[in-house]
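J.: Would you be able to build a 3D model of this:
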Amino acid sequence: MSQFPRLTEPLALRHKVLRNRITFGAHTANMSEGGLPGEQFGAYLLERAIGGAGMIVAEPMPVHRTGVLTRGNFLAEDDTVIPAFRKIVEPVQNAGAVVLQQLYHVGAHGDSDLSYQPHWGPSGLPSYHDSDGSHAMTEPEIEEMIAAFIAAAVRCHKAGFDGVEIWAAYHSLLEQFWTPWSNRRDDQWGGSLENRTRMSMRILEGVRRACGEDFIVGMSVSSSAVPVLSATEALTEIVALHDTTGHLDYVTCGSGGYMDFENLMPTFAVGEKLTVSTTEVLKRELTHAKVQAESGIRTPENAETVLSSGEADLVAIVRGQIADPHLARKVTEGRPEDIRGCISCNQMCWGRRSRDYWISCLINPSAGREHVWGGDRFVKTDTPKRVLVIGAGPAGLEAARVAAERGHVVEIHEASTMIGGQFRLAGEQPRRAQIIDLMDWYERQLDKLGVKVMLNSYLDAEDLQEVEFDEVILATGSLPDEDATQRWFPQLGPLPGSEHGNVYAPEEVMRRDARLGDSVIVYDEGGNMRGIGTAWHLAEAGKQVTIVTPDPYVGKELARTSADIPIRARLAQLGVSFITESAIAAWHGQGATVRNLLDGSEQEIAASALVMATTNRAFDPISTEIEERNPLLIGDAAAPRQAPYAFYEGRKAGLEIGGAK
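T.: Numbering: from 1, shown residues only. Sure, this is the predicted structure:
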């Protein structure tokens, strides 16, 4: 506990005392059932309360029909949410957490597919969420919106929430009114600072009157480098004006927004602790409200640094507590080494939300499945078994860990010299060392659990005849396609000219087994980090790199995580050339013929090596030979996919051994 004295210090907000300064901040989990919170969302929040979070801010509630943004949003303007929320609020409070709900409206940045309403905003400007324009609100509509915010807060009060957080971040509706660029009105709602803040001040005062003095009221804002938005000085002046009312109990500051989305939920491609320069100023200027920092505060060490340096009063760690719901409890118990650190990938949190699914986590597949799997807490089996796991990639590691957590005796064999498989190689790419940290975590956990880890150990079918195990799990992974066949060039078959040599898979490059020369073509068929990260690695090493992709832009699959924008920018800065909507027609040993998939035109690109990031093939050398052992085939050994599904199948396998769920 002494390692994090500020982080574990209680903090008073109105009538409540937070047991520590760690908040599980508001985010869209997208888990509603018919617009109501149900068992899934309740279990999701409860797991973080059991995990020790001091405060939890539940998923933002749209306050008005024009603000619906996802399929999983809770019902707006509807009292039926009150009893449904009460069922999930009380268990969270009983587990020791203070719980609030965020109230939001996105303003001009709506989604017509979901709301089927005009996007309401101050001045009728374009949406930065879709390609639509917005509706300039009339004065009666502004009054309607103010009443909607207050009514939503009253519903939260009736549902038993300890307070609400008013959303004014990311250039949402309230910030659109604050910002002269987006607020071009010439009536009492535009022009002067008093006019531009009139709406939010009315909401703040109305919520306090309607919900009473023993109700926490926070406000969410964000810092942004976009020139037309509020700089730190202007934002501080606005927040300070609200603070003078005495109604505002805390302000939480995020980063980015709809106009600079890559900073809103920053991935590994962006720096950490993005908002502390702003929160430090807010903390100095505010006299009543506490200041919370969020955005890129991933670890307890980061959080303690922010608090102890006086840059904030409390911290919101969201993705860190999605990855490890017991982060806060492990901090207070003095065992931070047991925290499974977020790897800042965004693949299953924002990546799933961006496609309008409920969220999960790449390294914690129990996220969103707490109501089925019981979170990341494991029930000991009554029938311990001897379990053999072959392969120490993500699927094998997670299967071994979970089986051992449940009391099984586990042995894992890995043919390589290190655990992690191809996922460890990904950790060698630029800015992805968090993956290596995760592998270190697995080594610590497996050691604590008594799992026997055998490296440089390749087991074949004959070897398995000589060992006695109750369960055999095959997690042998996948291998690059030797033919380098291209999905979007099916008529071509195996790559013409591969016999000339100097053709490699990304894994060979990252293992440093490839002799590349000075210029390299990377054919990226997946649009993800396997190809893009390898190109980045080569460019950082000084190679002249050309990326060829059949997609319309480089990093297409990364767009769902928001990592694509900063990575493309970095690649451009390093001089990497992009050729899109194209494929490799032939390799000539010292260059390639690149064919445009739209018009069939061809060009010759000189290069000393070609890296083919095409679809892998499953590596399963023994399952058919040991059918009598009923082996369980998981991860890439079953079918090559991205890492989340390997972790998921590993968790599932570990839970199912011995008759668990």
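J.: got a list of what the residue nearest to the spatial centre of the chain touches?
T.: The centre of the chain sits closest to N346, judged by Cα atoms, centre = their mean, with a distance of 3.0 Å. The contact partners of N346, by Cβ atoms under 8 Å, 6 or more residues apart in numbering, come to 265, 267, 319, 560-563. The C-beta positions use only the backbone N, C-alpha and C, and glycine is treated the same way.
J.: Tell me the buried residues within the residues you listed.
T.: Listed as buried from the contacts of N346 are 265, 267, 319, 560-563; burial here means 16 or more other Cβ atoms under 10 Å.
J.: got those residues as TSV, with secondary structure columns?
T.: Below are the buried ones among the contacts of N346 laid out as TSV (DSSP: H, G, I helix; E, B strand; the rest coil):
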residue	secondary structure
M265	coil
T267	coil
R319	helix
R560	helix
T561	helix
S562	coil
A563	coil
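J.: Those: which two are farthest apart?
T.: Greatest spatial distance among those (Cβ to Cβ): R319 and R560, at 15.2 Å.
J.: Point out where the protein drops to low pLDDT.
T.: 1, 659-661 (pLDDT under 70).
J.: in the longest helix seen in it, what counts as buried?
T.: If you go by DSSP state H, the chain has its longest helix at helix 139-159. Neighbour-count burial for helix 139-159, with 16+ other Cβ under 10 Å as criterion, is recorded at 142, 145-146, 148-157, 159.
J.: quick one on the thing from earlier: with distance to S295 as added columns, please give the contacts of N346 in JSON lines.
T.: What follows is these, written out as JSON lines (distance: Cβ to Cβ, whole Å):
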{"residue": "M265", "distance to S295": "8"}
{"residue": "T267", "distance to S295": "12"}
{"residue": "R319", "distance to S295": "10"}
{"residue": "R560", "distance to S295": "19"}
{"residue": "T561", "distance to S295": "15"}
{"residue": "S562", "distance to S295": "13"}
{"residue": "A563", "distance to S295": "15"}
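J.: just the residues you listed now: which is nearest A403?
T.: When the contacts of N346 are ranked by distance to A403 (Cβ to Cβ), R319 comes first, at 26.6 Å.
J.: Let me know the secondary structure of the closest residue to that closest one other than its chain neighbours.
T.: Excluding the flanking residues, the one nearest R319 by Cβ to Cβ, 6 or more residues apart in numbering is C342, at 4.6 Å. Three-state assignment for C342 (three-state DSSP): coil.
J.: Quick one: the helices in the stretch 451-600 of the chain, in order.
T.: For the stretch 451-600 of the chain, the helices defined by DSSP state H, counting those that start in this stretch cover 461-464, 506-510, 529-540, 564-573.
J.: ignore the last one, the stretch 1-150 of the chain
T.: Going by DSSP H, counting those that start in this stretch, the stretch 1-150 of the chain shows helices at 39-50, 81-94, 112-115, 139-159.
J.: M259: which of these is closest?
T.: Nearest to M259, of all these, is helix 112-115, at 19.1 Å by Cβ to Cβ.
J.: what's the offset of the closest one from the middle of its chain?
T.: Distance of helix 112-115 from the chain centroid (Cα atoms, centre = their mean, to the nearest Å) equals 24 Å.
J.: Then stretch 416-434?
T.: In terms of Cα atoms, centre = their mean, the centre of stretch 416-434 is set 19 Å apart from its chain centre.
J.: Only the buried residues of that stretch, if you could.
T.: Under the neighbour-count criterion of 16+ other Cβ under 10 Å, stretch 416-434 has 416, 419-432, 434 buried.
J.: In PDB, list the C-alpha atoms belonging to it.
T.: C-alpha atoms of stretch 416-434 as PDB (Å, rounded to 0.1, in the frame of the first residue of the first chain):
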ATOM      1  CA  SER A 416      10.500 -22.300 -28.900                       C
ATOM      2  CA  THR A 417      12.900 -20.800 -26.400                       C
ATOM      3  CA  MET A 418      10.300 -18.300 -25.100                       C
ATOM      4  CA  ILE A 419       6.600 -18.200 -24.400                       C
ATOM      5  CA  GLY A 420       4.300 -16.000 -26.400                       C
ATOM      6  CA  GLY A 421       4.500 -17.400 -30.000                       C
ATOM      7  CA  GLN A 422       3.700 -14.900 -32.700                       C
ATOM      8  CA  PHE A 423       2.100 -12.500 -30.200                       C
ATOM      9  CA  ARG A 424       5.500 -12.000 -28.600                       C
ATOM     10  CA  LEU A 425       6.900 -11.100 -32.000                       C
ATOM     11  CA  ALA A 426       4.200  -8.400 -32.300                       C
ATOM     12  CA  GLY A 427       5.700  -7.000 -29.100                       C
ATOM     13  CA  GLU A 428       8.900  -6.300 -31.000                       C
ATOM     14  CA  GLN A 429       7.200  -3.900 -33.300                       C
ATOM     15  CA  PRO A 430       7.500  -0.100 -32.500                       C
ATOM     16  CA  ARG A 431       5.600   1.100 -29.400                       C
ATOM     17  CA  ARG A 432       4.200  -2.400 -28.600                       C
ATOM     18  CA  ALA A 433       6.400  -3.400 -25.700                       C
ATOM     19  CA  GLN A 434       3.300  -3.600 -23.600                       C
END
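J.: Give me the residues contacting that stretch.
T.: 268-269, 341-344, 391-394, 396-397, 435-436, 438-439, 442-443, 453, 455-456, 477-478, 506-507, 510-511, 529-530, 533-534, 536-537, 540, 570, 636, 643, 646.
J.: redo that, cut-off 7 Å
T.: Here stretch 416-434 makes contact (Cβ atoms under 7 Å, 6 or more residues apart in numbering) with 268-269, 341, 343-344, 392-394, 397, 435-436, 439, 442-443, 453, 455-456, 477, 507, 510-511, 529, 533-534, 536-537, 540, 643.
J.: repeat for stretch 303-317
T.: Contacts for stretch 303-317 (Cβ under 7 Å, 6+ apart): 4, 6-7, 11, 21-23, 25, 252, 273, 276, 279-280, 283, 290-294, 297, 327.
J.: Then stretch 615-628?
T.: 460-461, 464, 472, 474, 476-481, 487, 525, 631, 633, 636-640.
J.: So which of those residues are in strands?
T.: Among the contacts of stretch 615-628, DSSP state E puts 472, 474, 478-479, 633 in strands.
J.: List only those of those residues flagged as buried.
T.: The neighbour count (16+ other Cβ under 10 Å) marks 472, 474, 478, 633 as buried among the ones in strands among the contacts of stretch 615-628.
J.: so who does the second one touch?
T.: Residues near L474 by Cβ under 7 Å, 6+ apart: 390-391, 620, 622-623, 631-633, 637.
J.: hey, what's it bridged with?
T.: On the basis of DSSP bridges, L474 is bridged to I390, L633.
J.: Just give the number of residues close to A84.
T.: By other Cβ atoms under 10 Å, 21 other residues sit near A84.
J.: Just give the nearest non-adjacent residue to it, would you?
T.: The shortest distance from A84 to any non-neighbouring residue, by Cβ to Cβ, 6+ apart, is to L36 (4.2 Å).
J.: same thing with P180?
T.: Using Cβ to Cβ, 6+ apart and skipping residues adjacent in sequence, the residue nearest P180 is R196, 7.3 Å away.
J.: what do you get for I521?
T.: Closest residue to I521 apart from its sequence neighbours, by Cβ to Cβ, 6+ apart: A607 at 4.4 Å.
J.: burial count for that neighbour?
T.: With other Cβ under 10 Å as criterion, A607 counts 25.
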